[in-house]
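Participant: Fold the following for me, if possible:
(chains A, B, C and D)
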Number of protein chains: 2
Amino acid sequence: MGASEDGARATIRAVAALAGVSPSTVSRTLNNPELVNAETRRRVLECAERLGYQPNRAAQSLVLGRTMSVGLIVPDIANPFFAPFIKGVEAYFRQTGYAVFLADTDEDGATEVRLAEAMVERADGLILCSPRMSGMRVRSIAAKLPVVLAHRLSRTVPSISMDVQPGIEQAVTHIHALGHRRCAYLSGPRDSWSNRQRRKALHDRCAERGIELVVLGPYEPRFTGGYRAADEVLAADVTAVFAYNDLVALGVRSRLEGRGVRVPGEISVVGFDDIPMASMTSPPLTTVAVPVPAVARGAAAMLLARLVGGAPGAPPPPPAPELATRLVIRSTTGPT
Amino acid sequence: MGASEDGARATIRAVAALAGVSPSTVSRTLNNPELVNAETRRRVLECAERLGYQPNRAAQSLVLGRTMSVGLIVPDIANPFFAPFIKGVEAYFRQTGYAVFLADTDEDGATEVRLAEAMVERADGLILCSPRMSGMRVRSIAAKLPVVLAHRLSRTVPSISMDVQPGIEQAVTHIHALGHRRCAYLSGPRDSWSNRQRRKALHDRCAERGIELVVLGPYEPRFTGGYRAADEVLAADVTAVFAYNDLVALGVRSRLEGRGVRVPGEISVVGFDDIPMASMTSPPLTTVAVPVPAVARGAAAMLLARLVGGAPGAPPPPPAPELATRLVIRSTTGPT
DNA sequence: ACTCGTACCACAAACGTTTTCATACTCCCG
DNA sequence: CGGGAGTATGAAAACGTTTGTGGTACGAGT
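Facilitator: Here you go, the predicted model:
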């Protein structure tokens, strides 16, 4: 770093003075190089380099009216389902010069709203991942800055989600083929859009095949939630359970085993998400895999498009085909 | 939300005009209320409320010279060890009005440096979690903005870490008591400070008790790393292994089981970190628990102190007593 | 030689705050 | 009744950029 730094950061004026030009010329060399003479450009660039000049972000933001950062709000960083999502979004924006603010709502709707409101001041755009807040709230926030919803679809706000149908179709077919006729769905948070999605799809597919589906819960979408669910599952007299997500599935399995119930011997368990852990436990979990990185990239791309393209028009594109879910059969499902 | 918003955000001038005062008075009402007349204050506040006025962050940053945001750089968000850390830091700063930028280095030293450099422009301070970069790099960055190191100790830069000794002491005692005399350490990333810490402590304690310690690796600190390690473990002819972290421990256990080796029947496994997953697998993992939330709070507090208190003096305080690690005995360790 | 065009650059305004300094008013005391 | 001490407010500078407007110099065309 061949910069001769005297503690204080170099301003544009300093490099202008050093190069013997005006600040505007420096600005232009940096932002519209083609507008300045080659020789001047060289000199300015050299001086900027020498002083280690970095434009002041605040000043830029002030005049340009944008902060070059975006917000990302997720329900729970500790939930392994969101890690690849966060990584995906971050990776995408890294190349674009945008920084991303991350916030964690602790699965709480009120916190979510507070955080989103706070983001309005600091970010140019916002990605709401699996938001819990009401559609009205979402619209109110979307009115203040570009928002895209991930893992939740909306007609009024650009949004992206995976297509839950194929995976659930496959799961129900699988369970039906194994001979199960009475199953349970362990539901997730009541205000979660994806919970409603999953429940409905499951309900429809089961009905089609004459499988009786009892809905249990809601349970908190963590390991401990599944733990709680297990006892209610045993009371419900079912031979297979679909869990809201893998964490819950893992929880049930663990508790079931603790109570001496064999999985899949006596009860089959199907998870949702296919988090890394799902393949690591023994027995590994049968689960519906979700193309999280694709959703993440999609969400990021949509937001970026709204950020650079001025037109707020263009209605949300339909879920792309690569966003389909699919069943991954491992070892927690077996014949009745 | 009784704001009458006409799309464009209200400026301080707008509320000044509405309240019939000068912008300076509005600014004072908001920042030094005691300096303005009670009646004026009431009126200004009301007008601000009515317009939904929110000070423009960029403008504030520009004049105040601070951005009210801090950076947090971690090696891997997907690693469950870091989730509570991130949450802890975020929760701490949430109350202080600072926002936190999160970045993920993908366990890569070069990426880490790049990200840290990028943070310099946008944040007032920086928390480097388990940094891989060289001490020189760290100092170079610390020269540009307040930095605190977490999970790595330094004499020149404020830093905080847990005390690894008690946990390792307990683990070695435990393993020794179970009759093991030849063990392996599955090392983590070569450039990781905590890896060196753990290896050294382990080495010393084992030597004291006449336990032979063979060091294997390095392995990448994930599940798959442990998978790879398992085969080398079998070749090393040991009866117990200490893994760099829980993910690796889980990986070995899984692969060992896959090769028909019973844990803890034939080989005992000790992890490190006590991530949530450690207690969920079967058998649950014996591991050295790390007080991550305490470290997170400590790091955040140290950074905040440097941010508000002007004096950069005060040398880093020694690790507080509550930051001790401790062994959690579960079911992956047993007698030889 | 004069004009016109082009290429390059400087000047200055603007972005929305905070804060210093000055001013006007009020009140109290001598 | 005049002056000094507060108290409350306004005017203006400053923070570091970007960008529109205008001016200068130079070459070419008539």
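Participant: Tell me how many other residues crowd A:Phe223.
Facilitator: The number of residues packed around A:Phe223, counting by other Cβ atoms under 10 Å in any protein chain shown, is 21. Heads up, the C-betas are built off the backbone N, CA and C, glycines and all.
Participant: my read: it touches A:Leu247, true?
Facilitator: Yes. Judged on Cβ atoms under 8 Å, A:Phe223 makes contact with A:Leu247 at a distance of 5.1 Å.
Participant: where do the helices sit along the stretch 201-336 of chain A?
Facilitator: A:223-236, A:246-258, A:292-308 (DSSP state H, counting those that start in this stretch).
Participant: Can you lay out these as a markdown table showing mean pLDDT and distance to A:Gly179?
Facilitator: Shown next, in a markdown table, are the helices of the stretch 201-336 of chain A (pLDDT from 0 to 100; distance: least, Cβ to Cβ, whole Å):
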| stretch | mean pLDDT | distance to A:Gly179 |
| --- | --- | --- |
| helix A:223-236 | 94 | 18 |
| helix A:246-258 | 93 | 19 |
| helix A:292-308 | 93 | 32 |
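Participant: Compare these and report which one is nearest to DNA strand C.
Facilitator: helix A:292-308 (18.7 Å; Cβ to the nearest atom of the strand).
Participant: check contacts around A:Gln197.
Facilitator: A:161, A:164 (Cβ atoms under 8 Å, 6 or more residues apart in numbering or on different chains).
Participant: Show me what counts as buried in the helix or strand that contains it.
Facilitator: Using DSSP states H and E, A:Gln197 falls within helix A:193-209. Within helix A:193-209, the residues that qualify as buried are A:193-195, A:197-199, A:201-202, A:205-206, counting by 16 or more other Cβ atoms under 10 Å in any protein chain shown.
Participant: Flag the shaky bits of chain A, pLDDT-wise.
Facilitator: In the predicted model of chain A, residues A:1-8, A:310-322 satisfy pLDDT under 70.
Participant: Phi first, then psi, for A:Thr29.
Facilitator: Torsion angles at A:Thr29 (phi, psi; degrees, to the nearest 10) stand at phi -60, psi -30.
Participant: What separation is there between it and B:Glu34?
Facilitator: 48 Å (Cβ to Cβ, to the nearest Å).
Participant: what's the answer for A:Glu112, then?
Facilitator: Counting by Cβ to Cβ - A:Glu112 and B:Glu34 are separated by 35 Å.
Participant: who has more neighbours, those two?
Facilitator: More crowded of A:Glu112 and B:Glu34, by other Cβ under 10 Å: A:Glu112, with 24 against 7.
Participant: OK, contacts around the more buried one?
Facilitator: Applying Cβ under 8 Å, 6+ apart, we find A:Glu112 in contact with A:73, A:75, A:105, A:128, A:131-133.
Participant: Show me what from chain A comes close to DNA strand D.
Facilitator: A:11-13, A:23-24, A:26-28, A:30-32, A:53-56, A:59-60, A:62-64 (Cβ under 7 Å from any atom of the strand).
Participant: Turn the buried ones among the residues you listed into a named PyMOL selection, would you?
Facilitator: In PyMOL syntax, the buried subset of those is picked out as below (16+ other Cβ under 10 Å):
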select buried, chain A and resi 11+12+26+27+28+30+53+55+56+60+62
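Participant: From the residues of chain A next to DNA strand D, pick out the ones that also neighbour DNA strand C.
Facilitator: A:23-24, A:59, A:62-63.
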